[in-house]
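[1] Sequence plus predicted model, see below.
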Protein chains: 2
Amino acid sequence: MVVAKSWTMARHFEAIPKPDEFKLIEKELPPLKDGEVLLESEFLSVDPYMRPYSRQFLKEGDVMMGSQVARVVESKNPNIAVGTYYVANSGWTTHFISDGQGIHALPPTWPESLPRSLALGVLGMPGYTAYFGLLDICNPKEGEVVLVNCAAGAVGSLVGQIAKIKGCKAVGSAGSDDKVAYLKEIGFDEAFNYKTVSSLAEALKQASPEGYDCYFENVGGKYADAALPQMKTFGRVSVCGSISMYNDSVLQTGPYIQPYLLFKQLRMEGFIVTRWEDRYPEAQKHLLEWVLEGKLKYREHVINGFENMPLGFIGLFKGDNIGKAIIKV
Amino acid sequence: MVVAKSWTMARHFEAIPKPDEFKLIEKELPPLKDGEVLLESEFLSVDPYMRPYSRQFLKEGDVMMGSQVARVVESKNPNIAVGTYYVANSGWTTHFISDGQGIHALPPTWPESLPRSLALGVLGMPGYTAYFGLLDICNPKEGEVVLVNCAAGAVGSLVGQIAKIKGCKAVGSAGSDDKVAYLKEIGFDEAFNYKTVSSLAEALKQASPEGYDCYFENVGGKYADAALPQMKTFGRVSVCGSISMYNDSVLQTGPYIQPYLLFKQLRMEGFIVTRWEDRYPEAQKHLLEWVLEGKLKYREHVINGFENMPLGFIGLFKGDNIGKAIIKV
């Protein structure tokens, strides 16, 4: 008998998630039926989207949502071998049973040199998010200026580097001097600490006096109020996240943005990465090439121990991580 | 000697424009040089865009901006015959001199049955605005639901009808029962008076319980706050105007809209019609066909007398007009 440990959302989060809003449960898993496999999580992902989505899709007591890299430890499915690794979307749990639907094997071309956890980062959902959110929505052209916030995060750090690969100038902001140093290390042309600048608008102006063609938005709220007036005519805004607003129970208010859209003829589009699900292989191919060529650098913020998973998640909203936050079981 | 009368903006407008912010001036025009023509305005256009653009582009004392249909009354240009009609962009003036650049002859195919003033309405800039703003930005598909506000205005009344021509359901709102009756007369599927409904959100819900695919935005502000939550996933918002905000000196505030863009994956784009200038003939061809086929109905709100032009303009912000507001000199 296998006992799965899982983290549930004991109560809906209020403001920034707190440890006592999670509860660890244990559950015996039933024996496998024909066609099923038992998987054991090796790495789990914590991502900002879980904050707003938990309110939308979970009820209190449900296991937290999320994805993992997991190893097949027992198989009654002739197509799935024990010892192989899969990416699954089975929530915050150490063990789970699958009938093989909705789990995806790590590609056979996966280089030995790369940690499997990258399937939750640069070569997984955050990678696809940066790839499609920047290239398909902003459509940046060589020589254009791309702004990204949360630039040291799992997605933002990739956005700036993909912008560079495409011949753009990359400007990024982050919330600590260490993060800013990291941005410069991975090739951002301009980077600043939004917490210590005296004026965000001035910092944006200084980083690109000519303004911005593309704006990859992870923050929203007052950040956007400062950035939108600095967009160039026909600028494109890719709305990937609104982390500054996830922890509010009522929507924050600010100046209406429609006049900026109108007079600068801006295009602004929100997206959820799953809309490109059928094109993930295309993205993974390019991302892997860039990683192997050394053009796309990544960093992982590894939290050890399944029992620390809530703390890893909470850390996302406190700016703990540079790069992708990963739980190592 | 010809004396041109012109309306100037005596002071920058505060809130809703007021009569004493305009000043009528008279100026003797010089004799024509070779290549020049003298034109006399027959119809002039007043449009909402003049309110924000005057602040952006005019200084106090400048002649108000705008377009007209004008007759050539004297010509020293071998290519421009006396008695022919042109659309010009020469501001609020009775007479003006042109070297032939930037004025556009009414097309030789202009049907005798149609008033020339339509070159300032359905067959001119407002027509192009509705045509491109709806078709190019929203890209409405057969069976989709299109929402337009200021629906009885010069642009909105065309948007709803073009939506119907394309096989969509058209929902419009306007500010009086007469306007609502007009919308039903010209084929809107649903129309309501936004001033008398008890809840805008409820009225929008009732008009299309399934939500909206396309939203042609003329109003902004609180209207958008009620409409954006009712967009369907992958909805498109064409930001043509923000009339509810033109008369404010500081931007109004409201709930940030980014979360709607994000979770519904909406695309929102502002536009200024001149971006499609090279495609105006395409639009005019289709608009003219639809007018002649009776599929595109228009109404004009004619203000008689050049001396009443400021009142005609002010009326735009008080909801005076059904259809296109036109000054007949």
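    Perfect, thanks for sending it. Residues are numbered from 1 along each chain as shown, chains lettered A, B, ... in the order given.

[2] How about the contacts made by the closest residue to residue A:110 other than its chain neighbours?
    Distances taken as C-beta to C-beta, 6 or more residues apart in numbering or on different chains put residue A:116 closest to residue A:110, at 7.5 Å, once the chain neighbours are dropped. Just so you know, the C-beta spots here come from the backbone N, C-alpha and C atoms, and that holds for glycine as well. Neighbouring residues of residue A:116 by C-beta atoms under 8 Å, 6 or more residues apart in numbering or on different chains: A:42-43, A:69, A:85, A:106, A:110.

[3] Likewise for residue A:166?
    Counted by C-beta under 8 Å, 6+ apart, residue A:166 has contacts A:135, A:140-142.

[4] Assign residue A:284 to helix, strand or coil.
    helix (DSSP: H, G, I helix; E, B strand; the rest coil).

[5] That one - nearest residue in space that isn't next to it in sequence?
    residue A:123 (5.8 Å).

[6] Also residue A:318?
    residue A:16 (7.4 Å).

[7] Residue A:320 is in contact with that neighbour, correct?
    No. In this structure residue A:16 lies outside contact range of residue A:320 using C-beta atoms under 8 Å: 12.0 Å.

[8] Could you say which helix or strand holds residue A:74?
    Following DSSP states H and E, one finds residue A:74 within strand A:68-75.

[9] Which parts of that strand count as buried, going by neighbours?
    A:68-70, A:72, A:74-75 (16 or more other C-beta atoms under 10 Å in any protein chain shown).

[10] swap in stretch A:180-200?
    In stretch A:180-200, counting by 16+ other C-beta under 10 Å, buried: A:180, A:182-183, A:186-194, A:200.

[11] model confidence over it, on average?
    Average pLDDT, stretch A:180-200: 97.

[12] and what of stretch A:265-274?
    97.

[13] Quote the end-to-end distance of that stretch.
    Its start and end residues considered, stretch A:265-274 measures 28 Å (C-alpha to C-alpha, to the nearest Å).

[14] same check, this time on stretch A:27-42
    18 Å.

[15] which residues make contact with it from outside it?
    Here stretch A:27-42 has contacts from A:1-4, A:6, A:68-77, A:80, A:85-86, A:88, A:90, A:93-100, A:103, A:116-117, A:306, A:328-329, using C-beta under 8 Å, 6+ apart.

[16] What helix or strand is the residue most central in space within chain A located in?
    Central residue of chain A (C-alpha atoms, centre = their mean): residue A:126, 4.1 Å from the mean position. Assignment of secondary structure by DSSP H and E places residue A:126 within helix A:125-132.

[17] thought the residue nearest to residue A:284 was touching residue A:286?
    No. Using C-beta under 8 Å, residue A:123 makes no contact with residue A:286, being 10.4 Å away.

[18] Would you pull up the residue in the stretch 101-250 of chain A closest to chain B?
    Minimum separation of the stretch 101-250 of chain A from chain B (C-beta to the nearest C-beta) falls at residue A:220, amounting to 4.3 Å.

[19] Now for that residue, how many residues are close by?
    25 (other C-beta atoms under 10 Å in any protein chain shown).

[20] who's in contact with it?
    Here residue A:220 is in contact with A:239, A:241-245, B:256, B:258-259 (C-beta under 8 Å, 6+ apart).

[21] Select from those every entry located in helices.
    Here DSSP state H is the test, and those give B:258-259 as lying in helices.

[22] Let's have the contacts of residue A:220 in JSON lines, adding neighbour count and distance to residue B:11.
    Listed next are the contacts of residue A:220 as JSON lines, based on neighbours: other C-beta atoms under 10 Å in any protein chain shown; distance: C-beta to C-beta, whole Å:
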{"residue": "A:239", "neighbour count": "28", "distance to residue B:11": "39"}
{"residue": "A:241", "neighbour count": "28", "distance to residue B:11": "45"}
{"residue": "A:242", "neighbour count": "26", "distance to residue B:11": "41"}
{"residue": "A:243", "neighbour count": "23", "distance to residue B:11": "45"}
{"residue": "A:244", "neighbour count": "20", "distance to residue B:11": "40"}
{"residue": "A:245", "neighbour count": "19", "distance to residue B:11": "40"}
{"residue": "B:256", "neighbour count": "24", "distance to residue B:11": "34"}
{"residue": "B:258", "neighbour count": "26", "distance to residue B:11": "37"}
{"residue": "B:259", "neighbour count": "22", "distance to residue B:11": "40"}
